[in-house]
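In: heads up, no residue letters with this:
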Ligand SMILES: Cc1cc2nc3c(=O)[nH]c(=O)nc-3n(C[C@H](O)[C@H](O)[C@H](O)COP(=O)(O)OP(=O)(O)OC[C@H]3O[C@@H](n4cnc5c(N)ncnc54)[C@H](O)[C@@H]3O)c2cc1C
């Protein structure tokens with residue numbers, strides 16, 4: 001069964017139109033306040049559930065929309081133009097769902113995917129630990145097999161949706177002594193609440209909600225596992241140990257394309273605000289867009305934003321064709337995130353003092369953009385991944 005179904009261009013246009021209207025009516029009026037109040041957007045999450053966004057890439061047989069990555073990234077960019085945090089809430093969840101859809105057993109797909117698609121069980125991806133981020137193989141969370149269950153011990157940090165979510169795709173060591181290290185890594189789907197009774201489960205708790213520079217509409221937190229037990233047949237993705245590292249990196253391909261799509265949203269908004277403002281703000285008797293110094297900025301911002309859009313389209317199309325897309329996703333992620341940071345900074349300069357004001361969107365774009373250079377694999381690592389793929393695909 002293919003993971004996506006083909007939607008017509010008219011379907012996609014209709015969906016983008018509906019989401020655009022929702023952004024205008026419901027998101028735009030509240031985003032600034034919710035962000036500054038560091039408040040989780042419960043009403044908007046309910047709307048996103050209704051729009052089907054938690055099942056965007058889940059196949060319709062399991063209750064999802066079955067969108068292509070190409071359509072999905074367009075949605076992500078559109079929402080990020082208004083408030084990037086919202087896209088984090090469903091995208092980190094989507095990575096968990098895609099791991100089950102791509103690698104899960106039939107029984108796991110039948111059990112988890114309808115719950116994920118409906119938003120009844122929301123979650124995220126639990127890779128990072130206090131002493132292991134880029135070096136994923138250094139994680140120390142351990143799951144030991146005991147009869148029909150796994151017993152999990154360890155701590156994860158910086159996990160998006162950790163507090164407001166209900167479960168997590170958890171990267172663990174099932175064989176901490178394995179060499180090479182990745183052979184001892186497995187992926188578990190770990191609920192925090194019983195999916196049937198919705199009561200909290202024993203052995204798992206959240207640590208503190210982490211404070212952040214931006215991206216405040218989504219919770220980032222710790223997970224602490226102390227002799228947490230889960231049913232092996234439901235939780236061990238694919239039913240086989242030793243494949244978790246491969247699943248995590250597979251999930252990150254989509255995550256990186258999504259990060260790039262968010263970068264496009266931020267860059268587009270910063271550019272749009274700058275083009276408008278530079279025509280109405282006057283200095284020395286003329287609109288600032290007539291000063292060459294501002295034109296140089298606008299020209300570069302526009303070209304880089306367009307290049308970022310094209311790299312995202314390219315990576316999403318390759319993903320949809322079923323290829324392994326480390327290089328394409330890495331290029332899109334690196335370029336679009338650096339572009340978002342650069343364009344947001346230039347937009348702030350073009351707006352002068354108003355760019356620094358908490359009453360306008362510019363300072364939020366500026367605070368949100370740096371995360372894109374760090375999350376889903378830092379931009380230092382992206383360039384290394386691109387180079388390695390380049391060599392692999394072009395042997396001498
Ligand atoms: C807001 C936010 C949300 C997040 N959400 C999640 C989530 O949902 N799930 C999750 O699992 N994680 C999440 N993370 C964690 C994120 O993925 C990590 O922060 C990121 O992978 C980097 O790891 P680190 O912070 O440990 O940095 P480190 O790995 O310690 O890196 C520090 C620096 O060293 C550089 N570096 C490291 N290794 C190399 C190398 N081999 N070559 C060159 N340079 C190198 C890095 O590029 C970086 O500049 C989130 C982080 C943030 C800030």
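Out: Alright, I've got the coordinates. What you see is a predicted model, and the numbers here were worked out from it, not measured in a lab.

In: quick check, the residue in the protein closest to the ligand?
Out: Among all residues of the chain, residue 133 sits closest to the ligand, at 1.8 Å; criterion: CB to the nearest ligand atom. C-beta coordinates here come from the backbone N, C-alpha and C atoms, glycine included.

In: which ones are touching that residue?
Out: Residue 133 is in contact with residue 158, counting by CB atoms under 8 Å, 6 or more residues apart in numbering.

In: what's the separation between it and residue 139?
Out: The gap separating residue 133 from residue 139 is 10 Å, by CB to CB, to the nearest Å.

In: do the same with residue 56
Out: Counting by CB to CB - residue 56 and residue 139 are separated by 28 Å.

In: swap in residue 57?
Out: 26 Å.

In: read off the pLDDT value for the residue of the chain positioned farthest from its centre.
Out: Each residue of the chain has a distance to the centre, and by CA atoms, centre = their mean the biggest one is for residue 285: 45.0 Å. What the model reports for residue 285 is a pLDDT of 97.

In: list the residues that contact it.
Out: Counted by CB under 8 Å, 6+ apart, residue 285 has zero contacts.

In: next one: residue 83
Out: 27, 31, 35, 217.

In: tally of neighbours for the first one?
Out: This means residue 27. Using other CB atoms under 10 Å, residue 27 has 20 neighbouring residues.

In: go ahead and confirm it touches residue 48.
Out: No: using CB atoms under 8 Å, residue 27 is not in contact with residue 48; the gap is 9.9 Å.

In: wait, isn't residue 152 in contact with residue 145?
Out: No: Residue 152 lies out of contact with residue 145 (CB under 8 Å); the separation is 11.0 Å.

In: the more surrounded of the two?
Out: More neighbours surround residue 152 than the other of residue 152 and residue 145, with 23 against 13 (other CB under 10 Å).

In: just for the protein, where's the confidence low?
Out: 1-6 (pLDDT under 70).

In: interface residues of it facing the ligand?
Out: Applying CB under 6 Å from any ligand atom, we find that the chain lies next to the ligand at 92, 124-128, 133-134, 158-160, 212, 215, 220, 371, 374-375, 377-378, 380-381.

In: narrow those to those in strands?
Out: Among the residues of the chain next to the ligand, the subset assigned to strands under DSSP state E consists of 124-126, 158-160, 220.

In: any chance of CSV for those, columns neighbour count and distance to residue 20?
Out: Putting those into CSV (neighbours: other CB atoms under 10 Å; distance: CB to CB, whole Å) gives the following:
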residue, neighbour count, distance to residue 20
124, 30, 26
125, 27, 28
126, 30, 33
158, 18, 31
159, 26, 31
160, 25, 25
220, 22, 28
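
In: do a quick rundown of the helices in the stretch 101-250 of the chain.
Out: Here the stretch 101-250 of the chain has its helices, by DSSP state H, counting those that start in this stretch, at 106-117, 232-235, 244-280.

In: top of the contacts of residue 83 by neighbour count?
Out: residue 217 leads the contacts of residue 83 on contacts (other CB under 10 Å) with 25 neighbours.

In: excluding covalently adjacent residues, which one is nearest to that one?
Out: Closest residue in space to residue 217, ignoring its immediate chain neighbours: residue 85 at 2.9 Å, by CB to CB, 6 or more residues apart in numbering.

In: would the one you found count as being in a helix?
Out: Yes: counting by DSSP: H, G, I helix; E, B strand; the rest coil, residue 85 is found in a helix.

In: what about it, how many residues close to it?
Out: Residue 85: 26 surrounding residues under other CB under 10 Å.

In: quick one, what contacts it?
Out: By CB under 8 Å, 6+ apart, residue 85 lies in contact with 35, 41, 215-218, 368.
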